[in-house]
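Trainee: need a structure here:
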Amino acid sequence: MEIGVYTFGELAPDPTTGRTSPGERIHDLIEEIVLADEVGLDVFGVGEHHRPDFAVSAPAVVLAAAAARNRIARERGFSPLDRDSFDTSRSLRGANFVGSPQEVIDKILFQHGIFGHDRFLLQMIGGGMPHTQVMHSIELLGTVVAPAVRTALGGPRPGR
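Mentor: A predicted model of the protein is given here:
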C-alpha cells in the first residue's frame, strides 16, 4: 500500500509562531515534503487553489522546488465539533485519523479490510496546526505507521 499525505497549502496561522505569509508557508511546505521523503512516505500530494488564503496556485512549481531536494515531487469550512462528535469521528469507524500511531495503524488496516485500497493519503497539514507538530506527525507516519501497515499487509514498500 502506498502511504502519504496531501495539502492545499492553506495559510492558516501557525498558533505557535503566528506566521501566515505565503513565502513562509511555501518554505514550511518544502520542509514537510523533504521530511516525508526522508521518513519513507510514498506520496506527497499538493492541491491547487487560486484564493488569497492558500499559498499554492501552481502545485508543479512547489513540487519542482521540492524535487531539487528529494524524490517526492483548505479550505476546511467545517463547523467545530462538539466533544461527542469528535470522539465519534476518531473512532475506528469514524472519518478522522486522530490518536496514537497504533490507533492510526489499526484504522488504516480496518479500512483496508473493507475497501481493499492500495493507496492511503492523510490530510494532516492544515487547520492552524503548528509546523513543528506537522513535521512530527509526518515523521511518525513514515517511521512508525507506514512500516507497520506494510508489514501487516505482507508487502514491500511500493515502487522501491
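Trainee: name the spans of this protein whose pLDDT lies under the cut-off.
Mentor: 19, 71-81, 125-127, 157-160 (pLDDT under 70).
Trainee: next, the buried residues of the lengthiest strand in the chain.
Mentor: The longest strand of the chain (DSSP state E) is strand 2-7. Buried residues in strand 2-7, counting neighbours by 16 or more other C-beta atoms under 10 Å, are found at E2, I3, G4, V5, T7. In short, each C-beta sits where N, CA and C put it, glycine included.
Trainee: return the list of strands paired to that strand, each annotated with direction.
Mentor: Strand pairing for strand 2-7, determined by DSSP bridges: strand 43-46 (parallel), strand 119-122 (parallel).
Trainee: how about the CA coordinates for the following helix or strand past that strand, as PDB?
Mentor: Reading on from strand 2-7 to the C-terminus, the next helix or strand found by DSSP states H and E is helix 22-38. This file holds the C-alpha atoms of helix 22-38, laid out as PDB (Å, rounded to 0.1, in the frame of the first residue of the first chain):
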ATOM      1  CA  PRO A  22       2.800  32.700   1.500                       C
ATOM      2  CA  GLY A  23       6.600  32.700   1.400                       C
ATOM      3  CA  GLU A  24       6.900  31.200   4.900                       C
ATOM      4  CA  ARG A  25       4.200  28.700   4.100                       C
ATOM      5  CA  ILE A  26       5.900  27.600   0.900                       C
ATOM      6  CA  HIS A  27       9.200  27.200   2.900                       C
ATOM      7  CA  ASP A  28       7.500  25.100   5.500                       C
ATOM      8  CA  LEU A  29       5.700  23.100   2.800                       C
ATOM      9  CA  ILE A  30       9.100  22.300   1.100                       C
ATOM     10  CA  GLU A  31      10.400  21.100   4.600                       C
ATOM     11  CA  GLU A  32       7.300  18.900   5.000                       C
ATOM     12  CA  ILE A  33       7.800  17.300   1.500                       C
ATOM     13  CA  VAL A  34      11.500  16.700   2.200                       C
ATOM     14  CA  LEU A  35      10.700  15.100   5.600                       C
ATOM     15  CA  ALA A  36       8.000  12.900   4.100                       C
ATOM     16  CA  ASP A  37      10.600  11.600   1.600                       C
ATOM     17  CA  GLU A  38      13.200  11.100   4.300                       C
END
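Trainee: nice, that's everything, thank you.
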